[in-house]
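Enquirer: This is the structure alone, sequence omitted:
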């Protein structure tokens, strides 16, 4: 009885059933409108519109099944507001709509982690192809689809890689609140992202897409229907990003506890805030662009088709107006995590707090003015290249603030090399190499050789994998004991760190050379003189993949089998989340705290950062 | 005043920079692409070396600081938690840091712009280039399509060849365009890169030097056989080029009258799309 009741309600199972059902409804409804396509892929009974409608209806069905429409309808029918979804107990909260920000954070951690591993697996498939210069493991089209899925999955999913798990879990706690500003929207961002991830994977049923993660026109227009999955994936990710960003901004601006002034806000919250600003301003451009591209394919518009009055440049520009802020959406949370974790393990206050904030905000601002450095040789606005060269190189000034604050925080500290700290220190190394190579890419004369080659590919893997993914793991090792209440194995963590750090560099450093020796990106073949480099990189990449399995083993072993309870404050941090029990109780605080200082008072003999006072629990 | 820690780090930094920077300035251009195949390529090598030489002290600083800090400031193993000194700020350090990074960055941007505006550095400049080298130029049109390049010589009656042949010691005006998707014409040894857009005439300049084999690649993902979109061109002595182009013209004459008229831009055939 109870089992049947559980299966019938609004939950993930219902959502999947309704999602698939909605898919077919959209598919056949679109056939009624447009009729099956007669001459384009004529042997298959579908048209572009049916694919788009099928996925849109599928997503709606999925959200309906999860119960996202219950609350709006209940309000329309006059029921009072409530956060009832938060109260349901037990493990089933993690498999459905839950408005507890801590549940959403853990959902994000697992969900993003899952798609991160799928994206990583695609990287392994790419490197398998590149083991040999001319032997084709995958057909050329499949290879390009793998490249595209790898890039799109990583660039799309990992935008929320830190804001999703750690932002959602920690921001309300760090600012002394009991929830996010919009808890249902918070849950919506997660489930939209999961739906998007599945949609991207289904591109293989429609022939894949040959465009990589940029989806340039006119290649996108002439592509297989598989590219519709790419457009829908990225548009849904864009919606999710916008909502996530709005939620973060609203929460941080309006819901800070008494005493938490802007200069006492933890630097991680500043990082989340600046990233959220980037998301809110950049992602809508992406949604609109992909909407236009979908219209080009389904409704015979000509936004991007130069033969009929459109412009492929329009797509390039719009894509990078989103795309360049987006890479800082990936990088900035990493800056923030590093600066948040360093003081704890150096036992010193964060040095130059205001400078660090200025660095984050400076990067946020400048990142909107650099997008045409992706189009240096496209032939558009060649006269503006000095400006974009300057604006791009200016970004290294605020980035340098982060470096200075990090260095000076370590300076004369009492440094402990715990696993999160190791990942943060590795960030400095990786991001420095990424930044240095970025200087060569931003300089037009030098970029003539490096643009579009493996050099630029190595560059952004250093900044994104070396920057974001390393700090993602730093965050996991640092905060998962708080999130789950169980310790992660330190020894396995160190094995994971050192293998990942060494193999990451062994994988990507030689790719700079491959780019310098004229290997363009996304090629399925390469000349024989690059055989050694490519084979070395492939083998290191496989080993890097195994290093990730070490992490997975550690994660499952520590949290599922060993289950060693974590103390409330294993790192000796002064930040407020460590003064709560592990895991954090449902309502976070019995009484809303009053903040008396910033969380970095090491060596200053200051009292606790916050004292409980104010409203009793249960108010929201 | 500086602490003893600070003095040690700065002394080590200066020592390392003084040794490393000249080494980089002297030796970096021997290993750095794209080599010495054209005037533009040689200039890029110089630019790369200058940038690397300027960045070397920055690299040295970070190496010295991190090694010093991580080695000497580590907490003793097994000791109870002790806090470091509560240093929260130092305006002098901030001012120096901001000044040095700003000057470096502004110099790099100014230097890059100056070098770029001299002759375009081999990059595609669009239909109305601003950095135009002086002197007589040989026009060569590069027509990209999925998945090959065709080269057209308008000053020789519109001869088309599947291979890039250029005379040595000549200023070349490359007009890059495409028939379908976006490609990117990358002549590696010449230091030339220009995107090929349908409907766009993307102009790049390059001054060739001596005879040379050129690896031409497509550097923008252009669909299924992007990876196989390459060929090998040659820079050949001027007399040899003259006789080569004459023979091409002769061989090509019967075909030439069937070709579409020479144009700086081409548009793709409209796609048939399902609705």
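Expert: Yep, it's here. Worth saying up front: this structure is predicted, and the values here are computed from it rather than measured.

Enquirer: Residue A:478 against residue A:571, yeah?
Expert: Yes - in terms of Cβ atoms under 8 Å, residue A:478 counts as a neighbour of residue A:571; the distance is 7.1 Å. For the C-beta atoms, the positions are set from N, CA and C on the backbone; glycine is no exception.

Enquirer: How about residue A:261: what's its closest non-neighbour residue?
Expert: Closest residue to residue A:261 apart from its sequence neighbours, by Cβ to Cβ, 6 or more residues apart in numbering or on different chains: residue A:595 at 7.9 Å.

Enquirer: can you pull the contacts of the one you found?
Expert: Contact analysis of residue A:595 by Cβ atoms under 8 Å, 6 or more residues apart in numbering or on different chains lists A:176, A:257, A:258, A:259, A:260, A:261, A:264, A:576, A:609, A:610.

Enquirer: just checking, next helix/strand downstream of the longest helix anywhere in chain A?
Expert: Looking across chain A with DSSP state H, the single longest helix is helix A:312-346. Using DSSP states H and E, the next helix or strand after helix A:312-346 towards the C-terminus is helix A:353-366.

Enquirer: Now that next one: average pLDDT?
Expert: Averaged across helix A:353-366, pLDDT comes to 96.

Enquirer: What residues sit buried inside the next helix-or-strand element following that helix?
Expert: Counting by DSSP H and E, the next helix or strand C-terminal to helix A:353-366 is helix A:385-394. For helix A:385-394, a neighbour-count test (16 or more other Cβ atoms under 10 Å in any protein chain shown) marks A:385, A:386, A:388, A:389, A:390, A:391, A:392, A:393, A:394 as buried.

Enquirer: If we only consider those, which is nearest to residue B:40?
Expert: residue A:385 (15.1 Å; Cβ to Cβ).

Enquirer: I'd like the distance between that closest one and residue A:140.
Expert: Distance, residue A:385 to residue A:140, using Cβ to Cβ, to the nearest Å: 34 Å.

Enquirer: Residue B:264: which element?
Expert: Applying DSSP H and E, one finds residue B:264 in no helix or strand.

Enquirer: wait, isn't it in contact with residue B:177?
Expert: Yes - using Cβ under 8 Å, residue B:264 makes contact with residue B:177 at a distance of 6.9 Å.

Enquirer: Compare those two (neighbour count), which wins?
Expert: residue B:177 (29 against 14; other Cβ atoms under 10 Å in any protein chain shown).

Enquirer: about what we covered before: and for residue A:478 and residue A:571, which residues touch both?
Expert: In contact with both residue A:478 and residue A:571: residue A:420, using Cβ under 8 Å, 6+ apart.

Enquirer: So residue A:79: helix, strand or coil?
Expert: With DSSP: H, G, I helix; E, B strand; the rest coil as the basis, residue A:79 sits in coil.

Enquirer: how many other residues sit next to it?
Expert: 12.

Enquirer: cool, the one 3 residues further on as well?
Expert: A count of neighbours around residue A:82, defined by other Cβ under 10 Å, yields 12.

Enquirer: for chain B, which spans come out with low pLDDT?
Expert: Residues of chain B meeting the criterion pLDDT under 70: B:1, B:269-275.

Enquirer: tell me the domain ranges of the chain?
Expert: Going with chain A. Domain assignment of chain A by automatic domain parsing yields the ranges A:8-76, A:93-588+A:591-595.

Enquirer: oops, I was thinking of chain B
Expert: Segmentation of chain B into domains, based on automatic domain parsing, reads B:4-74+B:94-122, B:137-256.

Enquirer: rewinding a little: put together TSV for the buried residues of helix A:385-394, with pLDDT and distance to residue A:47 on each row.
Expert: Converted to TSV, the buried residues of helix A:385-394 look like this (pLDDT from 0 to 100; distance: Cβ to Cβ, whole Å):
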residue	pLDDT	distance to residue A:47
A:385	92	42
A:386	93	47
A:388	94	41
A:389	94	45
A:390	95	48
A:391	95	43
A:392	94	43
A:393	94	48
A:394	95	48
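
Enquirer: Can you tell me how far the residue nearest to residue B:173 when sequence neighbours are not counted is from chain A?
Expert: In space, and not counting its chain neighbours, residue B:173 is closest to residue B:137: 4.1 Å by Cβ to Cβ, 6+ apart. Distance, residue B:137 to chain A, by Cβ to the nearest Cβ, to the nearest Å: 17 Å.

Enquirer: where does the closest residue to residue A:142 other than its chain neighbours land in three-state SS?
Expert: If the residues on either side of it in the chain are set aside, residue A:142 comes closest to residue A:208, at 6.6 Å by Cβ to Cβ, 6+ apart. With three-state DSSP as the basis, residue A:208 sits in coil.

Enquirer: Skip the chain neighbours and tell me the closest residue to residue A:513.
Expert: Excluding its sequence neighbours, the residue lying closest to residue A:513 (Cβ to Cβ, 6+ apart) is residue A:533, at 6.1 Å.

Enquirer: can you tell me the helix or strand for the residue nearest to residue A:307 when sequence neighbours are not counted?
Expert: By the measure of Cβ to Cβ, 6+ apart, the closest residue to residue A:307 outside its immediate chain neighbours is residue B:267, 4.3 Å from it. Assigned by DSSP H and E, residue B:267 belongs to neither a helix nor a strand.

Enquirer: could you list every residue that touches residue B:267?
Expert: Applying Cβ under 8 Å, 6+ apart, the residues near residue B:267 are A:306, A:307, B:198, B:199.

Enquirer: ok, now which ones touch the third one?
Expert: When you say that, I think you mean residue B:198. A:218, A:306-307, A:312, B:177-182, B:265-268.

Enquirer: I am finished for the moment; much appreciated.
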